[in-house]
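**Q** just a sequence and a predicted model for now, questions to come.
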Amino acid sequence: MQLEGCLSRFALRELLELCSNSLVTGAIEIQAPSGTHLIFFVEGRCVHASSPAAQGFDALWPLFELGDAPFRFVAGQTTPERTVVEPTPNVIDQAVALARQWSRIRPHIPDLDIVPEFVTPANGEQVRIYEEDWPILSGVDGSRTIAEVAHYAVLDPIEVCTGLLRLKERGLLRLSRGRAAVEQVKATKMLPPAPRPKPRLKAKAASQPAEQTSFFAKLLVAVPEDVLRPVEPLPDASTPEPAERTIEEVPAAAASAEAAAATEYDDILRLLRA
């Protein structure tokens, strides 16, 4: 027996319940955007599910988020794999509930590659942090993705996403688009400033005379012309100086001076008496 159709006309839950109630053995093949999904039944019991990225329950529940996808049921197809052990009705209920929770999270967190970052609360308001949020906060460092935070805190990804949305509503977190975007911003901030271009020197005209570079030449140009007066020549060192008098000549010169002074004194007295 082979059954074909679309999930928009035949809901996935109804299809799984039909296979379970009919006690059939076979496989349901669903062509999802992520690839081919297979769900195996043995005498009406779901025993295995596979997808390109997961197996077991993790490969089954994302199918309930699909709005439409083609499927077909191939009777008699089996597999030795056994990744689903719980009763089929319980598996269906859990898958539907999990898909419903993710449908509310997807608009805010489309995938687990998003990086949560801390932010300062607006207006310095005090924010109450509940006990269940502490394991999540301990894994947030501004570089880990949500999947890595879940692995670090040993929590289910949906629990981490639910906690992150609570913290975001309180103004403690923001959700970046991915690790690549965060690394690019950090690298841009760490880049050194661009060096300033050096000023270009203007070429001198060929007709311009060469500039004097001598220090004394620059000094003469800076001194006013009226300051540059001719300096009187110093006495020649070769001009003979008057000879020094000897010791014997000094008393004789002194006696001669005294005699001349006495003669002049006598002349003055003679004129006064006359």
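**A** Sure, I can see it. Note that the structure is a prediction, hence the values are computed from the model and not measured.

**Q** the stretch 51-200 of the chain: helices as residue ranges?
**A** 57-60, 88-105, 134-139, 146-153, 157-169, 179-190 (DSSP state H, counting those that start in this stretch).

**Q** in the shortest one, what counts as buried?
**A** Across helix 57-60, burial judged by 16 or more other Cβ atoms under 10 Å covers 57, 59-60. No exception for glycine: its C-beta is placed from N, CA and C like everyone else's.

**Q** export only the CA atoms of that helix, formatted as CSV.
**A** Taking only C-alpha atoms (Å, rounded to 0.1, in the frame of the first residue of the first chain), the coordinates of helix 57-60 have been written out as CSV:
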residue,chain,number,x,y,z
PHE,A,57,12.4,12.5,18.8
ASP,A,58,14.6,15.4,17.7
ALA,A,59,13.9,14.4,14.1
LEU,A,60,10.2,14.0,14.6
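
**Q** tell me where this structure has strands.
**A** Per DSSP state E, the chain carries strands over the ranges 2-6, 26-32, 35-42, 45-50, 70-75, 116-118, 173-175.

**Q** out of the ones you listed, deepest packed?
**A** Greatest average neighbour count among the strands of the chain goes to strand 45-50 (a mean of 21), per mean count of other Cβ atoms under 10 Å.

**Q** flag the shaky bits of the stretch 1-150 of the chain, pLDDT-wise.
**A** 1-2, 122-125 (pLDDT under 70).

**Q** rerun at 80
**A** Applying pLDDT under 80 to the stretch 1-150 of the chain flags residues 1-2, 120-128.

**Q** now for the strands of the chain, which one comes closest to C19?
**A** C19 lies closest, by Cβ to Cβ, to one member of the strands of the chain: strand 35-42, at 5.0 Å.

**Q** and that closest one, what does it pack against?
**A** helix 12-21, strand 26-32, strand 45-50, helix 57-60 (3 or more Cβ pairs under 8 Å, 6 or more residues apart in numbering; DSSP states H and E).

**Q** residues contacting the third one, please?
**A** Contact with strand 45-50 is made by 16, 19-20, 37-41, 55-57, 59-60, 79, 81-84, 87-88, 91, as judged by Cβ atoms under 8 Å, 6 or more residues apart in numbering.

**Q** in space, what's closest to H108 - neighbours in sequence excluded?
**A** L165 (5.9 Å; Cβ to Cβ, 6 or more residues apart in numbering).

**Q** quick check: C19 vs I30, distance?
**A** In this view, C19 and I30 are 13 Å apart by Cβ to Cβ, to the nearest Å.

**Q** please disregard the earlier target; I meant F64.
**A** From F64 to I30 the distance is 11 Å (Cβ to Cβ).
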